[in-house]
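[1] Take a look and give me a structure for this.
(one chain, ligands or ions: 1)
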Amino acid sequence: MYDIKALYEAESVQHACALLLAHPEAKVLAGGSDVLIQIREGKLAGATLVSIYGLDELRGVAMEADGTIRIGALTSFSHITRSSVIQEHIAVLGEAVDMVGGPQIRNIGTIGGNTCNGVTSADSGSTLVAYDAVVELTGAEGVRRVPIRDFYIKAGKVDLRPGEIETAILIPKECYEGYKGHYIKYAMRNAMDIATCGCSANVKLSGDKKTILSARLAYGVAGPVPMRAPSAEAAANGRPVCAETVDAFAKAALQDVNPRTSWRATKEFRLHLVEELARRALAEAVRKSGGEL
Ligand SMILES: Cc1cc2nc3c(=O)[nH]c(=O)nc-3n(C[C@H](O)[C@H](O)[C@H](O)COP(=O)(O)OP(=O)(O)OC[C@H]3O[C@@H](n4cnc5c(N)ncnc54)[C@H](O)[C@@H]3O)c2cc1C
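    Residues are numbered from 1 along each chain as shown. The predicted model follows:
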């Protein structure tokens with residue numbers, strides 16, 4: 001039995017916003033793979049819920065006229081992995097969300113839930129941060145667009161205002177065009193486990209594949225929220241494609257992170273992962289881009 005005080009089913013985005021304003025204590029319910037577990041555990045017992053799960057307009061991946069990739073907030077992980085738009089332009093995102101939990105969770109869990117829960121281990125988080133994704137939020141007063149790096153405020157807290165829901169994730173063309181990426185999830189088991197550390201790197205090479213024009217790196221579980229590693233990026237940008245550059249990139253990442261000790265791993269082990277995963281993720285992104293190391 002789930003201890004739920006009231007469940008309201010939104011019939012449109014505007015209706016969802018109105019319900020949330022009328023019931024400020026209510027939780028948004030999407031796939032429910034976080035919310036329903038928390039209700040059953042007692043942390044959210046007696047909750048009032050506003051379900052947006054029926055809003056099909058928030059499902060799917062599309063390419064907009066200006067080349068922006070639009071991922072509706074209710075799009076499931078399975079759908080993202082299978083999307084031809086994702087496979088063609090930002091395959092690493094499909095690969096990253098294919099590492100969430102198991103098949104059932106990937107069918108029910110949504111990208112909106114994975115970003116709005118504000119969790120550092122979210123498997124979509126580091127790749128979205130590495131690609132400078134933008135979060136589209138809709139409230140009674142209209143639409144706001146917030147860079148995902150600013151959307152994450154602190155562990156478990158995102159920039160959602162009263163009466164707002166996330167309606168989409170946007171990835172502008174200039175943020176993915178010419179880039180290839182690689183995500184590595186280090187976890188204690190291969191499935192049904194959250195990341196001990198997640199690392200997403202992507203790279204744009206020069207035409208002759210000899211120079212790194214732009215490298216981007218982001219982590220999950222290297223700090224309280226998914227985070228970029230600007231020192232690492234600075235150590236690689238404009239540098240030759242070679243093992244020394246990859247090594248400098250990986251070592252510089254240590255300046256950007258702040259992992260903690262938890263029951264899964266010590267801070268020291270996570271720092272080891274931060275460096276080693278950056279090395280491997282960049283090397284693989286270079287290889288996917290046609291570069292040789
Ligand atoms: C067994 C199991 C294994 C898991 N493994 C992983 C894993 O490996 N990696 C991983 O990243 N996650 C994992 N998860 C966590 C979970 O599946 C994901 O975080 C999922 O993306 C949540 O999406 P949802 O649609 O189910 O969210 P819900 O549970 O419906 O909501 C999650 C949170 O986001 C809010 N929310 C949801 N959608 C919106 C919206 N559009 N606008 C505003 N607020 C919104 C809700 O109010 C709630 O606070 C696992 C969960 C389970 C139960």
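
[2] only C-alpha atoms for contact and neighbour calcs from this point on.
    Will do.

[3] Contact residues of the chain facing the ligand?
    Residues of the chain lying close to the ligand (Cα under 6 Å from any ligand atom) are 27-35, 73, 100-101, 105, 109-114, 116-117, 121-123, 165-167, 192-194.

[4] and the residue nearest the centre of the chain, what does it touch?
    Taking Cα atoms, centre = their mean, the centroid of the chain lies closest to residue 125, which sits 2.1 Å from it. Shown in contact with residue 125 (Cα atoms under 8 Å, 6 or more residues apart in numbering): 114, 115, 220, 226.

[5] Tell me the buried residues in stretch 284-293?
    284, 285, 286, 287, 288, 289, 291 (16 or more other Cα atoms under 10 Å).

[6] so the fifth one makes contact with residue 178?
    So the one you mean is residue 288. No. At 11.3 Å, residue 288 does not count as touching residue 178 under the criterion of Cα atoms under 8 Å.

[7] For the buried ones among the residues of the chain next to the ligand, write the corresponding ChimeraX selection.
    The following ChimeraX line selects those of the residues of the chain next to the ligand that are buried, judged by 16+ other Cα under 10 Å:
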select :27,28,29,30,31,32,33,35,73,100,101,105,109,110,111,112,113,114,116,117,121,122,123,165,166,167,194
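
[8] quick one: which of the residues of the chain next to the ligand sit in helices?
    For the residues of the chain next to the ligand, membership in helices holds for 35, 105, 111, 112, 113, 114, 116, with DSSP state H as the criterion.

[9] Just the mean pLDDT for the helix or strand hosting residue 50, thanks.
    Element membership for residue 50, per DSSP states H and E: strand 47-51. What strand 47-51 shows for mean pLDDT is 98.

[10] ok now it, how far from the chain's centre?
    Offset of strand 47-51 from its chain centre (Cα atoms, centre = their mean, to the nearest Å): 24 Å.

[11] Ok, stretch 279-288 next?
    19 Å.

[12] could I have that stretch exported to PDB, CA atoms only?
    The C-alpha trace of stretch 279-288 is given here as PDB (Å, rounded to 0.1, in the frame of the first residue of the first chain):
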ATOM      1  CA  ARG A 279      42.000   9.600 -19.000                       C
ATOM      2  CA  ARG A 280      39.900   6.700 -20.400                       C
ATOM      3  CA  ALA A 281      36.900   8.800 -21.300                       C
ATOM      4  CA  LEU A 282      38.900  11.400 -23.300                       C
ATOM      5  CA  ALA A 283      41.000   8.700 -25.000                       C
ATOM      6  CA  GLU A 284      37.800   6.900 -26.100                       C
ATOM      7  CA  ALA A 285      36.100  10.200 -27.200                       C
ATOM      8  CA  VAL A 286      39.300  11.000 -29.300                       C
ATOM      9  CA  ARG A 287      39.100   7.500 -30.900                       C
ATOM     10  CA  LYS A 288      35.400   7.900 -31.700                       C
END
